[in-house]
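**Q** Next input, structure requested:
(2 chains, ligands or ions: 1)
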Amino acid sequence: MTPRKKVYAAAGTYTISLGSGRKEFHPKKPRPGLEHYIQEAGQGVIAQISDPNVIDECVVSNFMAARFNRQGNLAALMPTIHPSLEFKPSTRVEGACGSGGLGVYTAMKSVLADVADCVLVVGTEVQNTVKAIYGADILAGAGHYASQRKAGHAYFFPAFFADRAGAAYEKYGFEKVRAAMTQWFVNAIEAARRCPQAQEYHNAAEDLYALGNAKPNPKAFADHINVFDCSKVSDGAAGLLICSEEGLAKAGIEKKDAALISGWGTSVADVTKLPEDPTSLATSRSAIEKAMAMAGIGVSELGFAEVHDCFSITGVLMTEATGLVPQGEGYEFVAQGETKPGGRLPMNLSGGLIGHGHYTGGTGVRQTVDVWKQLTGKAEDFQIDVAERSYGLVVSMGGNDKTVVALAMTQAD
Amino acid sequence: MDLAERYQDVGVIGAAGKMGSGIALLLTQELGLRKLSPDGREQSFKLTLMDVDDRALDGLKRYLRGQLRKFAEKNTVRLRELYADRADLVENAEIIQAFIDDALDVVRTTTDLGALSRNHMIFEAILENIDLKVKIYDQLAKQCGPETYFFTNTSSIPIGLLDEQAGLGGRIIGYHFYNPPAVQKLLELITSSKTRPDLIEAGKQIAADLKKKVIPANDVAGFIGNGHFIRDGLHGISEMQALRAEVGFAGAVYMINRITQDWLIRPMGIFQLIDYVGIDVFQCILGVMDRFIDDEKLHSDLIDTLMDKDVRGGQRSDGSQKSGFLRYEKGISAVYDLDRGDYVALDAVFTEPLDEKLGPLPEGYLPWRVLARDRAKDEKLAAYFANLAKSDTLGARLALRYLQRSKEIGEYLVRSGVAGTPQDVNGVLLNGFYHLYGPINDYV
Ligand SMILES: NC(=O)c1ccc[n+]([C@@H]2O[C@H](COP(=O)([O-])OP(=O)(O)OC[C@H]3O[C@@H](n4cnc5c(N)ncnc54)[C@H](O)[C@@H]3O)[C@@H](O)[C@H]2O)c1
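**A** I've put the predicted structure just below:
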């Protein structure tokens, strides 16, 4: 499939990712709520366009506000961003931690269907409202409650990915896999230190490698992985505009300030099943292949990527899901620093889910904003050299590799 | 009667107090878990919490509920396994609530000592008052079955004395938890010559079940912990009195408190520690020790004077620190001045001349909280104390004398048989007082 018209991302923004690690975060003090984040991100987008009235439609992506914040009907919170959004179409999209990617995809479909030229997308989650042990219950909704929750672990999702790490230890050897996971953590924190909105921006630990290598504590957390292998509990939101060519003009956005989404792929897999091969991300692979095929590119044309690293092992497996290295070789690839700035495929330049933070329903939007930033030269301290006609990849994943959206993006002009 | 059976009927006296409530919590957790074990499912468990203060018992239930939630939140991994067969409990939140409910179901509160007559084990943590404790044990001896075990949390009263006066026949053991019992790992296990061997074994097993580190002590008033602390405190008071003529009461308290915290690299200075324990408690333990230890004068006029002036330290019911030698407002804010009967603010005008008299800290000094986390702390301490010994400042001289006195006390506790080994003395100071080094060391 080739798209019949061009679709662009522009005017991206995100809030800080608030949670443990940020100096502003005090677990016992009141914090901004869902409304605040939706408004801050939405208004951040509007501030970059000439006229808010050009927004034809809204999409809000979120995973579990109904439980974290006891709030449903999020689509109807969008008019709190700006009065011009009153009586406009608005849709809430949910696909677990892949909600953000689905939000962008949903907005793109309105543009492609010729029913909108400018769609405002906001992705958010506010999840510090409950302690991690109760948050684990809520996030477990990304798996299959009826068949998996009762037998599942207290930390349901960490245990899923701990099983993947354990399978990788078995297959490829502990040392090799562990070295890659720890390096992934180190890269994530180093990248986050270059992005002021990142949750780990204030992280001043000296020996990150030693920290990331901490021994797992199965009694309190999970087998095979430690808490540093795990993305953070975060409050935050990201926003951007999805536009047609006409939409860019109406919003007063120059081509140089927009990114072209030239290929996309979305795939789901049966949430009631466990992965056939825990050492690969087959659904992500499928979505990435579709995105690159639609963009008409090979993996060598990727300049950088924003991948879903809910856990360090996920990040490592993502290197293989891109197709850049065969299965089993992602470990050395990461351990040798090939995913750092300057490596063969720099990944997660603002820290990824482990370093930047993971406001679950908003992360896919945040990832798209980060790729847009790199392509338009707006990434400031975490900007890398991006060659012309180079591509940035977004992989937004929900659940245990179940709901995936991949986007291949490049410069618009 | 085996221990498993004893666990089915346990009592706590003085359960609403500072120590009693912590002991009650530990036992509620333990019985709650036992109830979920394969054997426990067939059994019934009762934990009778007794206190004369009815209102405080209400507070105790609130405290237990809150703490059980924290415990369950930390142990959810295990609780999910224990509740694996309960199909109706799926989410962590449901499992945590179930454990809180199940554990609280074993608890009964009462103000009636008679309610404890069928208990197989009784933990006692009432006021440190010999007559009161004797009276209570007297009644318990009459009303309880002949196999009941008694665990007293006394800080200083000889176990043998309670045993004898109440006619317990060796069924009492000293079970000295540290404050707060639910957090502090140390437990001093005090046996008298009469304590029954089966009770000693049971005491060790229960300590293991409650995840406590046991250090044995002999039945000499004050035991190891207070045996060291009280004498260490008296040394601080006498050093303070010696400085008083020169710098005044408040100045001397400030200086000795600083010496014991900074120069000795301890978690808090000696006067802060006495305030934390309570000047009233200090006086009480001192009195008991003086009464039972013959060859040593254990007394302080100053402590009596402070009590007369109602300067008593200790904590409010919300856990905040009351004023004593020092006043606490966001840290130490002022020092008591006996000469004026009021507190003097700890501002630079007050502290600078005193700090100057003490001189600079020896080279290699690191604050306690930094060193506590340092893996090379032993080498760093040795280097620091070597510098301290060479240093010719007033501060260093006072600190050195303090170290010497602390060591003497430790060695005395071993020599007089209160502690079995120097390691036991050091172990109590390391685990119960969070010192980074034992009093019996090679630094002096
Ligand atoms: N506080 C400490 O740091 C500490 C440490 C170790 C040991 N201890 C020892 O623990 C014991 C209790 O000390 P605490 O600090 O918890 O005191 P506390 O004053 O906080 O508690 C004593 C409790 O006993 C209750 N009580 C008084 N008379 C009673 C009676 N006749 N029957 C039943 N209950 C009665 C009181 O109502 C109170 O709730 C003492 O023997 C003390 O020496 C205290």
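
**Q** Check which strands are paired with the biggest strand by length in chain A and give the direction for each one.
**A** Taking DSSP state E as the criterion, chain A has its longest strand at strand A:258-268. Applying DSSP bridges, strand A:258-268 is found paired with strand A:8-14 (antiparallel), strand A:403-411 (antiparallel).

**Q** So for the shortest one, mean pLDDT?
**A** If you average the pLDDT over strand A:8-14, you get 98.

**Q** which residues touch it?
**A** A:41, A:44-45, A:47-49, A:104, A:197, A:236-245, A:247-248, A:251, A:253, A:257-261, A:362, A:365-366, A:368-373, A:409, A:412 (Cβ atoms under 8 Å, 6 or more residues apart in numbering or on different chains). In this view, the C-beta of every residue, glycine as well, is placed from N, C-alpha and C.

**Q** and the next element down the chain from that strand?
**A** Downstream of strand A:8-14, the first helix or strand assigned by DSSP states H and E is helix A:34-46.

**Q** Dump that following helix to CSV, keeping only the CA atoms.
**A** Output of helix A:34-46 as CSV, limited to C-alpha atoms (Å, rounded to 0.1, in the frame of the first residue of the first chain):
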residue,chain,number,x,y,z
LEU,A,34,-5.1,14.8,34.2
GLU,A,35,-6.8,18.0,33.1
HIS,A,36,-3.6,19.9,33.7
TYR,A,37,-1.5,17.6,31.5
ILE,A,38,-4.1,17.6,28.7
GLN,A,39,-4.2,21.3,28.8
GLU,A,40,-0.5,21.9,29.0
ALA,A,41,0.3,19.6,26.1
GLY,A,42,-2.6,20.9,24.0
GLN,A,43,-1.8,24.5,24.6
GLY,A,44,1.8,23.8,23.8
VAL,A,45,0.7,22.7,20.4
ILE,A,46,-1.6,25.6,19.8
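
**Q** Tell me the gap between it and the middle of its chain.
**A** 18 Å (Cα atoms, centre = their mean, to the nearest Å).

**Q** Same question for stretch B:437-444.
**A** Stretch B:437-444 sits 22 Å away from the centroid of its parent chain (Cα atoms, centre = their mean).

**Q** Which residues does it contact?
**A** For stretch B:437-444, using Cβ under 8 Å, 6+ apart, the contacting residues are B:228, B:378, B:381-382, B:385-386, B:388-389, B:400, B:403-404, B:406-407, B:409-411, B:414, B:422-423, B:425-427, B:429-430.

**Q** report the longest helix in chain B, please.
**A** Taking DSSP state H as the criterion, chain B has its longest helix at helix B:225-258.

**Q** what does the next helix or strand after that one contact?
**A** For helix B:225-258, the following helix or strand on the C-terminal side (DSSP H and E) is helix B:270-277. Contacts with helix B:270-277, where a contact means Cβ under 8 Å, 6+ apart, come from B:229, B:232-233, B:236, B:240, B:253, B:256-257, B:260-261, B:268, B:282, B:313-315, B:321-326, B:328, B:332.

**Q** Ok, stretch A:46-54 next?
**A** Taking Cβ under 8 Å, 6+ apart as the rule, stretch A:46-54 contacts A:10-11, A:13, A:55, A:81-82, A:84-85, A:117-118, A:120, A:241, A:247, A:250-253.

**Q** I'd like the average pLDDT over it.
**A** The model assigns stretch A:46-54 a mean pLDDT of 98.

**Q** now that stretch, how far from the centre of its chain.
**A** The chain centroid and the centroid of stretch A:46-54 are separated by 25 Å under Cα atoms, centre = their mean.

**Q** Chain B contacts on chain A?
**A** With the criterion set to Cβ under 8 Å from any Cβ of the partner chain, chain A comes near chain B through A:131, A:133-134, A:136-137, A:140, A:145, A:149-150, A:153-155, A:218-221.

**Q** what do you get if the cut-off is 6 Å, keeping everything else the same?
**A** Residues of chain A that fall close to chain B, judged by Cβ under 6 Å from any Cβ of the partner chain: A:Ile133, A:Tyr134, A:Ala136, A:Asp137, A:Arg149, A:Lys150, A:Ala154.

**Q** Let me have those in CSV, extended by secondary structure.
**A** Converted to CSV, the residues of chain A next to chain B look like this (DSSP: H, G, I helix; E, B strand; the rest coil):
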residue, secondary structure
A:Ile133, helix
A:Tyr134, helix
A:Ala136, helix
A:Asp137, helix
A:Arg149, helix
A:Lys150, coil
A:Ala154, coil
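
**Q** what about the residue of the stretch 251-400 of chain B found nearest chain A, how many residues close to it?
**A** In the stretch 251-400 of chain B, the residue that lies nearest chain A is B:Arg375 (11.4 Å; Cβ to the nearest Cβ). Residues lying near B:Arg375 (other Cβ atoms under 10 Å in any protein chain shown) number 7.

**Q** same thing with A:His36?
**A** When neighbours are counted by other Cβ under 10 Å, A:His36 registers 16.
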